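A.B. asks: Next comes the sequence, and after it the predicted model I'd like to discuss.
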Amino acid sequence: MLDVEKIRKDFPILEKGVTYLDSAASSLTPDQVVYKELEYYHNYRANIERGVHRWSQEASVEYEKAHDDVARFINASGPENLAMLRNTTEAINLVANSFDWKKDDSIVTTIIEHHSNFITWLRVGQRFGCKVTAARCTSEGYIDLADFEKLIDDRTRLVAVTGVSNVLGVIMPVKEIVKIAHDHGALVLVDGAQQVPHIKTDVKDMMVDYLAFSGHKMLGPTGSGGLYIKDEHIYDTEPLCIGGGTIADVSVDSYKLADSPMRFEAGTPAIAQVIGLGEACRYLDHIGMDNISHWDHVLAEKLIEGLAEIKDVEIYGPLDPKSRVGLASFNIKGMNPHDVALTLDQEYAIAVRSGHHCTLPLMKEIFKIHEGNVRASTYLYNTKDEIEKLLGAVEDLAKS
């Protein structure tokens, strides 16, 4: 079982009296991760892989250990499958820029995607003449697998889907989508920004070709994240940048790239942040991802059921808490979502997110709301009492 009160002691920022319900944007960071970053700066602050002196050697060991820990966290075969990058967006762009796209190539995505996993493919389509199509969803965010069967064909080169919607919290049937794509010879990239922090992720079980994720949503530092690359694609995937640290050899007229993961990590990387992300994975492993997912469902059920009982509140996404992570988007009739979020902050000390959440196609095409909605998102440090506080505040606003 998850001991929330004990966990909260690792997050001293919570002592400031703010009810933090914006973890889908960025999670809080426990002391263990902060101290691990400080350990680097205080004890072995040096560049990695190039120095023979003791500090460089120690920094290199910790940096490589972080690769091992993060790879293990998602059940990758090893660190060679994992490029440490700044965030999900950079990881998606790396894949988009690594392909030798042809005019008759097809890319399939969905209408619920974050812009990072949507406009990136639109740009590919505009640059190379590829066909980009998006599967639509129901009002609850469900996408019919039959739609993927229709959209994916033998010309489809890549299918790019989210693992969990950042607006609706809906959990996508990734394994089923992967099977459809692979039956047609297409590769699959999953945006795991919302999935990896909340659901035990096994890239081998998913059979996914690429998985992108961000450290700052999973207790890690900002500026940290990763791209998982399946074994058979490692050396077919072109790095986004090359330069110092990415080479095995250079001559006057040629160069040879280093083995993975170094070939993908040009220049001096975010050493402290990568080390911090490794510590975040160890922290989450210690708590147990199954425990975190269970608590997500407990909070989601309380949140959804409570909002559904408040008059003039419209909820977006699935009403079944088992179909979503601990996230709920809603609007109060007659109120702008930004006004709701600002009032919750100023009068109730509750932090939520408002707007279109980088999903304008979803907002405009499915929900017909240009100003967006309010999103409350939970994590392992949130309590039932905090959900009650939010529900009471929303009820007050709905009555006013």
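C.D. replies: Okay, I see it.

A.B. asks: Dihedrals phi and psi, the closest residue to residue 170 other than its chain neighbours?
C.D. replies: Spatial nearest neighbour of residue 170, chain neighbours left out: residue 141 (3.7 Å); criterion: Cβ to Cβ, 6 or more residues apart in numbering. All C-beta atoms are positioned from the backbone trio N, CA, C, and that covers glycine. When read as degrees, to the nearest 10, the backbone of residue 141 gives phi 100, psi 0.

A.B. asks: Which residues are in contact with residue 141?
C.D. replies: Each residue near residue 141 by Cβ atoms under 8 Å, 6 or more residues apart in numbering is listed here: 112, 165, 167, 168, 169, 170, 316, 317, 318.

A.B. asks: Pull up the per-residue confidence for the second one.
C.D. replies: The pLDDT attached to residue 165 in the predicted structure is 97.

A.B. asks: Specify the residue ranges that define each domain of the chain.
C.D. replies: Using automatic domain parsing, the domain parsing of the chain gives 4-21+288-399, 32-286.

A.B. asks: Would you mind measuring the gap between the ends of the longest one?
C.D. replies: Read it as domain 32-286. 12 Å (Cα to Cα, to the nearest Å).

A.B. asks: next one: stretch 78-91
C.D. replies: Terminal residues of stretch 78-91 lie 18 Å apart, using Cα to Cα.

A.B. asks: count of residues packed around residue 147?
C.D. replies: Neighbour count of residue 147, defined by other Cβ atoms under 10 Å: 16.

A.B. asks: residues in contact with it?
C.D. replies: 135, 136.

A.B. asks: For it, what is the enclosing helix or strand?
C.D. replies: Using DSSP states H and E, residue 147 falls within helix 145-151.

A.B. asks: which of the residues in that helix are buried?
C.D. replies: Residues of helix 145-151 classed as buried under the neighbour-count rule (16 or more other Cβ atoms under 10 Å) are 147, 148, 151.

A.B. asks: Repeat that for stretch 155-172.
C.D. replies: Neighbour counts over stretch 155-172 (16+ other Cβ under 10 Å) mark 156-172 as buried.

A.B. asks: next one: stretch 379-390
C.D. replies: By neighbour count on 16+ other Cβ under 10 Å, the buried set for stretch 379-390 is 379, 380, 381, 382, 383, 386, 387, 389, 390.

A.B. asks: and if you look at stretch 107-122?
C.D. replies: Neighbour counts over stretch 107-122 (16+ other Cβ under 10 Å) mark 107-114, 116-118, 120-122 as buried.

A.B. asks: Same check on stretch 293-311?
C.D. replies: For stretch 293-311, by 16+ other Cβ under 10 Å, it's 293, 295-304, 306-307, 310.

A.B. asks: Take the buried residues of stretch 379-390 and keep only those in helices.
C.D. replies: Of the buried residues of stretch 379-390, the ones assigned to helices by DSSP state H are 386, 387, 389, 390.

A.B. asks: got the contact list for the second one?
C.D. replies: Okay, so that is residue 387. Residues near residue 387 by Cβ under 8 Å, 6+ apart: 299, 302, 303, 306, 378.

A.B. asks: my guess is the last one contacts residue 299, does it?
C.D. replies: Yes. Look at residue 378 against residue 299 with Cβ atoms under 8 Å: they come within range, at 4.5 Å.

A.B. asks: got any residues that touch both of those two?
C.D. replies: 326, 387.

A.B. asks: and residue 25, what is it in contact with?
C.D. replies: 217, 353, 377 are the contacts of residue 25 under Cβ under 8 Å, 6+ apart.
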